[in-house]
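K.L.:
Have a look at this prediction, sequence included:
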Amino acid sequence: MSQNNSSKHDSSIIIKQQKVIIVRLLNEISVMNNNGSNLIESFKHFNILLMELKKNNDSPKEYYKLYIEVYECLTILLNYLKGNHLKLFHLTDIYELIQYSNNLVPRLYLMITCGVAMLHIDDFPHIEILKDMIEMLNGVQNPIKGMFLRYYLLQRSKFIFKNEESESKEKYNNINTEFKVDFLIANFIEMNKLWIRLQYQGQFKEKLTKLKERKEVELLIGYNLVQLTEVLDTEEEKVAIVLYRENALPRILKQIVSCRDIISQEYLLDIIIHIFPEPYHSDLKSIELYLETFLKLSPKTNISKNAISLISRILSYGDSTREDNLNCVDLEGELIFSKFFMFLKLLNEERPDLPFKEFLVVILELVKLVLQLKNEDDVVVTYLSQIFSFINFKIKDYNITEELNFLLKKIVFSLKGMDKENLYYKLATESNEFHEFIVSLNNDYIKYEILELIISSTKPNIESFSIKNLSKILRFFENNSYVILQKSDLVLRCFYFIVSVKVKYNEDLEGSVNSQFEGLQFCKNWLLSIRASFSKPEQQLKVDLLINGLINQYWKLVKKLSILKIKTPKTFKNLDKTLFQQIFKSLSNLIFELKNKKYLLTSLILSANMAIQIFLLDIANDYIESVIQQLNSGLSTNDKHDILFLLIEYLQKERKIYYDNNFKEKYEQLAIKLTFISFDLSNVFLKSNCLLACTNLWWTGVSDQCASQQSVENNPKRIYEVINRLIKYITSNNLITNYELCYVLLEVLNKVVYFFIHGEIEYFTINYINNIFKLLKNNLRFLERENKVFLEQQQESFNEENAIDQLSTENMFLDSDGNIKMVDDCRCEGTAYKTINIDEEKSLVAFKKNLLVFKNFETLKEYIIDQGEVDERFNLLNI
Amino acid sequence: MSSFFKPILDIDINIDDEDNRAYHEITNTKKGIIERLPIYGDGESVSGIVTLRVRGESRRVEHNGVTISLIGCIDVKNGISESNGSSNNISSTFLQLTADLYPPGELLHTQTTHFNFKDVQKQHNSYKGQNVDLSYFLKVKVLTSKNKTPITKYKKIWCDLYENISQLKQKPVKLDIGIENCLHIEFEFGRSHYTLDDLIMGRVYFLLSRLKIKNMELSLITRERIANGDKSTVSESLAVKFEIMDGSPVKGETIPIRLFLSGYDLLPSMELGSFSVKNYLSLVLYDEDGRRYFKQAEIFLHRTRE
């Protein structure tokens, strides 16, 4: 190492010493203007200093340093030769004189310097000189020396390649462009050979060191191509492109292929694609040449990287022409695509060794190209189908890893953000290949993400949302248990499209309703058919969610009809009512498929509600009847209560419709039925809750204007009976606790006061109410006693501060089932409740419940006192 | 000592137009002097003035006649003589022209006379080699009476013959060199005949190269050969040594050869009965271990007028 350093040091010293002598010699001559013998003397010294470049063993970096120093010295010579031609000597003589140097490398450096001096002067045959120089350079077969010599030639002669100012252009117009191209390519080819040889020749070094050394000199070879761009730049673009594709490129690529060297192939292709202007690459013939070349690259050379950069160059050309001028040469999209696609196919045939990933990254870029081609949507879909068919073909042969999956997903996602409307939808519905592609994906989550993308990018106002297309989209979900079970909302969104399309009110109303109905039916059948594969109970519940969702869509359709009824009653009347019946028939079929009884019944009630909106009372009644029938089987008490309560609400709400349509008897019948069922509820709280609700069935809402009718339709006797029976039940039953008794009485009292306020004094007399009060107050005393006992028991275990917190009932209230619920946070609109901690001691809960009953009682009392100021009757109540 | 043997007569030979004539220079390294010989061509007259100066005042020198001769002869040095093996040089004369300057008589003072060998045909080029010289000279001989050794004076001239090679049939020189499975090259020159200021162009093709070649040189070898019955003496001199390749080529490479001859001191090829001078182009390859591989091909050099 140190030896190396010292020799390098010596070299540098020698060069400096010789330089001093040379400068002196050449300066004297210019002053003395003698016969030029000093020039000949100086060649001796040039030879000595150039011998330093003949030495071996330097790393390219060191060699480059020496080269720079020598270059400076030769510049002195060059200027001297240029300046004194004809004055002191004739350059032809000097050119010959130089040839007598015994050593090749110094001789060639001098020859180039002299030759270049001649290029600066018009009278010489420039082309011959250039030919001569480049031919003689073949003598240097040492990689480093050869490359630097050739680089020297380029550096010195680069002025002929440039498009300089007009004067110099005239000056060098005796060298035509073709020759310049030939010259540069010849030099390039030789340099590339030397560059590759650097890898295999010379001392034994580590492979890595050699690679590093090669990287260090790659710019030298790239310099040829840079000059080539300059040359082509002197021509008009059209001419330049022709020159490029007919002349330059084929030869360069041939060299790249035949050199069979990975580093060379990768570096050269990379710079070619990057340094030449975009229009050159976007030429069809050029593309063809590139692609042919890619196919022939050495096995380990990265093909995809180059293909990608080529496509991106074409893309950016497309962008720029679009921006510049719309009339500008447009890319011949179809041909470009077919060329690239053919390339993929050939690549597949010829290079079965390539990993799938290589194909995918190219495809990813190709997709961008397709989207930019400005073609009709249909064409884009066709192209993409071809691409996906290729992927489908390839995918079978590979083990698909997560990385590949990610790429596949990326390909699909790259279609996003383009201004193609509903491209995904079109692909999904029109391309079988795309369908196959999605189905064949082995990662459920990615599949889901893609489907999500398709569906979310689809705009609902598509007229072409036909059953055929629908079926295609739904097919994506088949066999995809992940989506069905985990991401069912995706399927629901799909259902949503059907009804979200606007009904055409004017023209073919029936037709459009019908088609939406058909869509729903199709979904229904589809849903029922896929359910077969989800037989486990927890899966069935998930399917229930889907059914529920579809039911919702049915309702939405019905809702549209009911809006129609209100907006344009005439049109509505003309509609075929059998269609409605079909809809509801289909709907009820669907509802009965629900496995969850509560859902089922709830849905039935809500459907009845819808039916009645469009005067399908028979259907509504059928629904209600079947709900009532089903009430007694397979429901928990709570659910039963909920359903019952819904029924009561429904009946109460639709009371007017029943009455208006001569269904008064039916109403009565139902009301009585519901009351009986309410009585049968086993839980005291729920029972009282339902029964008190039932009382409303015989009571029209508050409406002073219809006061006369009210009295006719209200049935206070029934209400009285029901309440009395309730009171009787709770007071006579031994199993009723004090707390339950108080709670129910309080509720009853509330209800009674309600009727009392609304003027029902025939049955609910002041006396009657006072009696209930009395009863309640008596029983409340028991509760007070219970609490006292509790406090005495607990006094010792509580410490003072905690006690207040623990015994507080703040933010708590009693629910309809008699249990405590809590307002989670007061600021939170009061909607978030949570059941109080069950671990809390039972007695503490009981204590709190009692407290809350007292609180409610106080509220009632306050209310009555308040009312007393408005209504004298209240003052008579004995609270 | 020298004065004792000093001849009584000084002879000067001056050739005509001495100042304007071209000279051939021969460096004699032993003596450290440069000999300058006037150059004559074939068929050129050799003329000049001979001055005879008698030493000492008013002395007479009797003589039996003064002649001048133009002699061309070949001298083989360190003579490998055929007969007695003595180390004397052998000389054979191929040209001897003699003219009388003065008839027998007396020489008084200084006398000058003109001589002229008109349109002398000169068969051979002058040559000065390692073991053989071919030289031309003028010899003035004053025959003294009484059987004394004659007084002589020599003046060497140099003879360059010019040929016309336009009639020669040129054929390219092609050579195939190979070491099995190791090296196979072809080298090729455009012509076999060159003039002395010619340019040799050619190329070397590497058809196979498994050697680690360091560089390649082209050299021009002049080989002088003296034939002497069965024996022959050969000596070589390296006229040109010229590097034409640096580094190790691979299969398929072509190395250009371009050699300007005019800068070198070369002699035309000669072929006489007794000796020959031949020129060979020699291609030498050096490998990294210092081994040499070479191949030679004869080329013919000719002196021509322009």
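P.N.:
Sure, I can see it.
K.L.:
The chain - how does it break down into domains?
P.N.:
You didn't say which chain, so I picked chain A. Domain ranges of chain A: A:1-124, A:460-595, A:758-879, per automatic domain parsing.
K.L.:
Chain B, not that one
P.N.:
B:2-159, B:173-302.
K.L.:
In terms of mean pLDDT, which of those domains ranks lowest?
P.N.:
Mean pLDDT values for these show the minimum at domain B:2-159, a mean of 82.
K.L.:
mind checking how far that domain is from the chain centre?
P.N.:
How far domain B:2-159 lies from its chain's middle: 18 Å, per C-alpha atoms, centre = their mean, to the nearest Å.
K.L.:
who touches residue 276 in this structure?
P.N.:
The chain I'm using is chain A. By C-beta atoms under 8 Å, 6 or more residues apart in numbering or on different chains, the contact list for A:Phe276 reads A:Leu225, A:Thr229, A:Leu232, A:Tyr244. No exception for glycine: its C-beta is placed from N, CA and C like everyone else's.
K.L.:
try chain B instead
P.N.:
Contacts of B:Ser276 (C-beta under 8 Å, 6+ apart): B:Glu224, B:Arg225, B:Ala227, B:Ser269, B:Met270.
K.L.:
Out of the residues you listed, the closest to chain A would be?
P.N.:
B:Ser269 (22.0 Å; C-beta to the nearest C-beta).
K.L.:
Tell me which helix or strand A:Phe179 sits in.
P.N.:
Using DSSP states H and E, the element containing A:Phe179 is helix A:177-200.
K.L.:
Establish whether that helix and chain B are in contact.
P.N.:
Yes. Helix A:177-200 lies within reach of chain B by C-beta under 8 Å from any C-beta of the partner chain, at A:Lys193, A:Arg197.
K.L.:
Nearest residue to the residue nearest the centre of chain B in space, please, no chain neighbours.
P.N.:
Nearest to the mean C-alpha position of chain B, by C-alpha atoms, centre = their mean, lies B:Tyr127 at 1.8 Å. Using C-beta to C-beta, 6 or more residues apart in numbering or on different chains and skipping the chain neighbours, the partner closest in space to B:Tyr127 is B:Leu134 (4.1 Å).
K.L.:
ok but that neighbour is inside a helix, no?
P.N.:
No. Counting by DSSP: H, G, I helix; E, B strand; the rest coil, B:Leu134 is not part of a helix but strand.
K.L.:
Kindly report the residues of the stretch 101-250 of chain B close to chain A.
P.N.:
So far as C-beta under 8 Å from any C-beta goes, the stretch 101-250 of chain B lies against chain A at B:212-213, B:215, B:241-250.
K.L.:
so for stretch A:770-785, what's the average pLDDT?
P.N.:
pLDDT averaged over stretch A:770-785 gives 83.
K.L.:
Tell me which residues are up against it.
P.N.:
A:727, A:731, A:738-739, A:741-742, A:745-746, A:748-749, A:752, A:850, A:853-854, A:857, A:877-879.
K.L.:
The residue of the stretch 451-600 of chain A found nearest chain B: what secondary structure?
P.N.:
Per C-beta to the nearest C-beta, A:Leu453 is where the stretch 451-600 of chain A lies closest to chain B, at 55.6 Å. Taking three-state DSSP as the rule, one finds A:Leu453 in the helix state.
K.L.:
confidence score at the residue of the stretch 601-750 of chain A found nearest chain B?
P.N.:
Using C-beta to the nearest C-beta, the single residue of the stretch 601-750 of chain A nearest to chain B is A:Ser603, 85.1 Å away. Looking at A:Ser603, its pLDDT is 86.
K.L.:
Tell me which stretches of the stretch 501-650 of chain A form helices.
P.N.:
A:509-531, A:537-567, A:569-574, A:577-591, A:597-613, A:617-630, A:637-653 (DSSP state H, counting those that start in this stretch).
K.L.:
Could you do the stretch 251-400 of chain A as well?
P.N.:
A:262-275, A:278-281, A:284-296, A:303-324, A:333-350, A:356-372, A:377-395.
K.L.:
where's stretch A:616-633 relative to the chain centroid, distance-wise?
P.N.:
Distance of stretch A:616-633 from the chain centroid (C-alpha atoms, centre = their mean) equals 46 Å.
K.L.:
nope, stretch B:155-174 is what I was after
P.N.:
13 Å.
K.L.:
Could you tell me the end-to-end distance of it?
P.N.:
End-to-end distance for stretch B:155-174, by C-alpha to C-alpha, to the nearest Å: 45 Å.
K.L.:
how many neighbours does the closest residue to B:Asn131 other than its chain neighbours have?
P.N.:
Closest residue to B:Asn131 in three dimensions, ignoring its sequence neighbours and counting by C-beta to C-beta, 6+ apart: B:Lys77, at 5.2 Å. Around B:Lys77 there are 17 other residues, counting by other C-beta atoms under 10 Å in any protein chain shown.
K.L.:
for A:Val370, same thing?
P.N.:
Residues near A:Val370, counting by other C-beta under 10 Å, number 25.
K.L.:
correct me, but it touches A:Thr382?
P.N.:
No. Look at A:Val370 against A:Thr382 with C-beta atoms under 8 Å: they stay out of range, at 9.6 Å.
K.L.:
I'd assumed B:Ser276 was in a strand, is it?
P.N.:
Yes. Under three-state DSSP, B:Ser276 sits within a strand.
K.L.:
so who does the residue in the stretch 151-300 of chain B that chain A sits nearest to touch?
P.N.:
Closest residue of the stretch 151-300 of chain B to chain A, C-beta to the nearest C-beta: B:Gly247 (2.8 Å). Taking C-beta under 8 Å, 6+ apart as the contact definition, B:Gly247 lies against A:Val140, A:Gln141, A:Asn142, A:Pro143, A:Lys145, A:Gly146, A:Gln201, B:Ile213, B:Lys214, B:Asn215.
K.L.:
related to what we said a few turns ago, next up, the contacts around the residue of the stretch 601-750 of chain A closest to chain B.
P.N.:
A:Asn548, A:Ile551, A:Ile591, A:Leu594.
K.L.:
ok, and the most crowded of these?
P.N.:
A:Ile551 (26 neighbours).
K.L.:
Where does pLDDT dip in the stretch 751-879 of chain A?
P.N.:
By pLDDT under 70, the low-scoring segments of the stretch 751-879 of chain A are A:795-810, A:817-818, A:822-842, A:878-879.
K.L.:
Helices along that one, start to end?
P.N.:
For the stretch 751-879 of chain A, the helices defined by DSSP H, counting those that start in this stretch occupy A:766-794, A:800-807, A:842-870, A:872-875.
K.L.:
So for the third one, what gets flagged as buried?
P.N.:
I take that to be helix A:842-870. A:846-854, A:856-857, A:860, A:864, A:867 (16 or more other C-beta atoms under 10 Å in any protein chain shown).
K.L.:
Point me to the residue of chain A nearest chain B.
P.N.:
A:Asn142 (2.8 Å).
K.L.:
correct me, but that residue touches B:Ser248?
P.N.:
Yes. If you go by C-beta under 8 Å, A:Asn142 and B:Ser248 touch, sitting 7.3 Å apart.
K.L.:
Tell me how far the residue nearest the centre of chain A lies from A:Leu373.
P.N.:
For chain A, the residue nearest the mean C-alpha position is A:Phe413 (6.0 Å; C-alpha atoms, centre = their mean). Distance, A:Phe413 to A:Leu373, using C-beta to C-beta, to the nearest Å: 19 Å.
K.L.:
same deal with A:Asn47?
P.N.:
Using C-beta to C-beta, A:Asn47 is found at 62 Å from A:Leu373.
K.L.:
how many other residues sit next to residue 288?
P.N.:
Picking chain A for this. Close neighbours of A:Glu288, defined as other C-beta under 10 Å, add up to 16.
K.L.:
switch to chain B, that's the one I care about
P.N.:
14.
K.L.:
ranges for the helices of chain B?
P.N.:
Taking DSSP state H as the test, the helices found in chain B are B:2-5.
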